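Trainee: Structure for this input, please:
(chains A and B)
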There are 2 protein chains.
Amino acid sequence: MKTIDVCLSPDLMHLYKVHDRTVVVVDIFRATSCMTTAFAHGIGSITPFAKLEECLAMKSKGYFTSGERDGKKVDGFDLGNSPFEYMAEELKGKHIAFTTTNGTQAIAKSIGAREIVVGSFLNLSAVVNYLRQSPNNILVVCAGWKGKVNLEDTLFAGAIVELLKDIYMPECDAPTAAQHLYNQAKHDMVDFLKDSSHVQRLAKLNIYKDIEFCLTPDQYDVVPRLKDGVLLV
Amino acid sequence: MKTIDVCLSPDLMHLYKVHDRTVVVVDIFRATSCMTTAFAHGIGSITPFAKLEECLAMKSKGYFTSGERDGKKVDGFDLGNSPFEYMAEELKGKHIAFTTTNGTQAIAKSIGAREIVVGSFLNLSAVVNYLRQSPNNILVVCAGWKGKVNLEDTLFAGAIVELLKDIYMPECDAPTAAQHLYNQAKHDMVDFLKDSSHVQRLAKLNIYKDIEFCLTPDQYDVVPRLKDGVLLV
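Mentor: From the prediction side, this is the model:
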């Protein structure tokens, strides 16, 4: 039986070997939700950057730039971190350079994996179906919040564990814990997360619409994958 | 309102400030369960060591030595890591030098805290009552397994969050996640943990009796505290 593990924080990545695994990177609020949305609306590519300056520098090369820190759009960037921005007609076929507080850092720490895919609730079934065809063991990497574990990414990891339990066995306790939490939350994730730290943080920024959208499963049938440092579908 | 946070793995300790907190160190299977049992049966003191050699060297100073690695007693040590060993009459009033795979490492990483106490299900209510009187914010430090998150320590952390929810507010998502898991598990923790990695590991060593005992709340009314590097009650 193939195995599945969950890294609950990028600061625990040193504990996991990735070279022979498919890594699913998740940052529900909101990086990987934005990426999924962008590809579903026809973006040409997304190049993730861990550093703000390197990302912004891509503007001179004709890229749209997306920059978020601490939940807010950074001055000078074209786009922020709301999935609704990535539905714009003008982005079709274009290329984005992307950096966020947590999501793009999690991708950076996953480099070296056999394969890196982008997951969110928006493309949950698409990712699950893709993983079903894969010969590799899986590691779900939760972006968390500045190294700390968060609930929404853990729930997504739990969803992957639950939906693949017939063919992937949990490797340790983190996937099992995530699975228990997902099964407790799945019937009303918005309600389950209402006291979570990130929802509180985003609520202060008045982003209820983003929160609800990012927690809606199966809106899009795309599986963005990293090829030579660039996300493509 | 005072706050409570949970560090799910010693490898995440760099994210937490401890100087103004009471840290509760927990290693349910089995270091902190052994320590609790030892004090309840009249041990004089326990000195925790992160390193095996330093611990063993205390033998020449008249200490009983406890050494466990990977769930097994280490050759040359007087005692292993089963709570039942710490009920022995001959240990009364004596001093133990103690090292384990995870528990004593978690204590070492908590040094610098305003206060360090040892928690286990065996002294759950005693610890909760002690914390109720404390003016400090709390950090529960889960020993985990070689840096990885484990379920049993997370459940204990969740119990502390749940039982103090009237006066301590969760600081981020880790305490909330732990609390959800505890509430799901509390009516039959042995059953909830039967597939967990550590129970599987210990089951291979035939330690069912230890597992059941370590998951039994409120056997002892002691709260071991670290004073100048030595645990005392």
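Trainee: Bridge partners for A:Phe98, pull those for me.
Mentor: A:Pro48, A:Ser66 (DSSP bridges).
Trainee: any idea how far chain B is from it?
Mentor: 24 Å (C-beta to the nearest C-beta, to the nearest Å). In this view, the C-beta of every residue, glycine as well, is placed from N, C-alpha and C.
Trainee: Could you do A:Ser134 as well?
Mentor: 23 Å.
Trainee: for A:Ala157, same thing?
Mentor: Here the distance between A:Ala157 and chain B works out to 11 Å (C-beta to the nearest C-beta).
Trainee: And for A:Ile116, nearest residue in space, chain neighbours not counted?
Mentor: Closest residue to A:Ile116 apart from its sequence neighbours, by C-beta to C-beta, 6 or more residues apart in numbering or on different chains: A:Leu226 at 4.0 Å.
Trainee: Which strands or helices does the host helix or strand of that neighbour pack on?
Mentor: Assessed by DSSP states H and E, A:Leu226 sits inside strand A:225-227. Packing partners of strand A:225-227 (3 or more C-beta pairs under 8 Å, 6 or more residues apart in numbering or on different chains; DSSP states H and E): strand A:115-119.
Trainee: what residues does the next helix or strand after the strand it packs on touch?
Mentor: Taking DSSP H and E as the definition, the helix or strand that follows strand A:115-119 towards the C-terminus is helix A:124-132. Contacting residues not belonging to helix A:124-132 are listed as A:22, A:24, A:117, A:119, A:138, A:156, A:159-160, A:163-164, A:167-168, A:217-218, A:220-223 [C-beta atoms under 8 Å, 6 or more residues apart in numbering or on different chains].
Trainee: what about the nearest residue to A:Leu205 once chain neighbours are set aside, distance to A:Val25?
Mentor: Using C-beta to C-beta, 6+ apart and skipping the chain neighbours, the partner closest in space to A:Leu205 is A:Gly71 (5.5 Å). Computed as C-beta to C-beta, to the nearest Å, the A:Gly71 to A:Val25 distance reads 19 Å.
Trainee: How about A:Thr176?
Mentor: Per C-beta to C-beta, A:Thr176 is found 21 Å from A:Val25.
Trainee: Likewise for A:Ser120?
Mentor: Note on A:Ser120: its distance to A:Val25, by C-beta to C-beta, is 10 Å.
Trainee: the helices in chain A, which residues?
Mentor: Under the criterion DSSP state H, helices of chain A are mapped to A:31-40, A:52-56, A:103-110, A:124-132, A:151-163, A:173-185, A:189-192, A:197-204, A:208-214.
Trainee: Looking at those helices, which is nearest to A:Gly80?
Mentor: Go through the helices of chain A one by one with C-beta to C-beta and the one that ends up closest to A:Gly80 is helix A:31-40, at 8.8 Å.
Trainee: what mean pLDDT does that closest one have?
Mentor: Helix A:31-40 comes out with an average pLDDT of 98.
Trainee: Same check on stretch A:69-85?
Mentor: Here the average pLDDT along stretch A:69-85 is 93.
Trainee: That stretch spans what distance, first to last residue?
Mentor: Distance across stretch A:69-85, first residue to last, is 16 Å (C-alpha to C-alpha, to the nearest Å).
Trainee: what's the answer for stretch A:186-204, then?
Mentor: Start to finish, the residues bounding stretch A:186-204 are 25 Å apart (C-alpha to C-alpha).
Trainee: Looking at it now, give me its mean pLDDT.
Mentor: Over the span of stretch A:186-204, the pLDDT mean works out to 86.
Trainee: What are the buried residues along that stretch?
Mentor: Judged by neighbour count (16 or more other C-beta atoms under 10 Å in any protein chain shown), stretch A:186-204 contains these buried residues: A:Met189, A:Phe192, A:Leu193, A:Ser196, A:Ser197, A:His198, A:Val199, A:Leu202.
Trainee: circling back to that earlier point, do I have it right that the residue nearest to A:Leu205 meets A:Leu202?
Mentor: Yes. With contacts defined as C-beta atoms under 8 Å, A:Gly71 counts as touching A:Leu202 at a distance of 6.1 Å.
Trainee: re the thing from before, of the buried residues of stretch A:186-204, list those near chain B.
Mentor: When C-beta under 8 Å from any C-beta of the partner chain is taken as the criterion, the members of these that contact chain B are A:Ser196, A:Ser197, A:His198.
Trainee: how close does the first one sit to B:Ser125?
Mentor: When C-beta to C-beta is applied, the distance between A:Ser196 and B:Ser125 equals 29 Å.
Trainee: Then the second one?
Mentor: A:Ser197 sits 28 Å away from B:Ser125 when distances are taken as C-beta to C-beta.
Trainee: Please apply the same query to the last one.
Mentor: Using C-beta to C-beta, one gets 33 Å for the distance from A:His198 to B:Ser125.
Trainee: shared neighbours of A:Ser120 and A:Val25, anything?
Mentor: Both A:Ser120 and A:Val25 are in contact with A:Thr32, where contact means C-beta under 8 Å, 6+ apart.
Trainee: what's the helix or strand bottoming out on mean pLDDT in chain A in contact with?
Mentor: Across the helices and strands of chain A, mean pLDDT, DSSP states H and E gives its lowest value to helix A:197-204, namely a mean of 78. Helix A:197-204 is contacted by residues A:29, A:71, A:145, A:150-152, A:193, A:208, A:210-211, B:171-173 when judged by C-beta under 8 Å, 6+ apart.
Trainee: do that again at 6 Å, thanks
Mentor: With C-beta atoms under 6 Å, 6 or more residues apart in numbering or on different chains as the test, helix A:197-204 has contacts from A:Phe29, A:Gly71, A:Asn150, A:Leu193, A:Ile211, B:Cys172, B:Asp173.
Trainee: what do you get for stretch A:33-51?
Mentor: Residues beyond stretch A:33-51 that count as contacts (C-beta under 6 Å, 6+ apart) turn out to be A:55, A:81, A:83, A:86-87, A:91-99, A:104-105, A:107-108, A:118, A:120, A:122-123, A:214, A:220, A:222, A:224, A:230-233.
Trainee: Chain B contacts on chain A?
Mentor: With C-beta under 6 Å from any C-beta of the partner chain as the criterion, chain A comes near chain B at residues A:8, A:11-12, A:15, A:147-151, A:172-174, A:177, A:180-181, A:184, A:196-197.
Trainee: Just the buried ones among those residues, please.
Mentor: Applying 16+ other C-beta under 10 Å to the residues of chain A next to chain B flags A:8, A:11-12, A:15, A:148-151, A:172-174, A:177, A:180-181, A:196-197 as buried.
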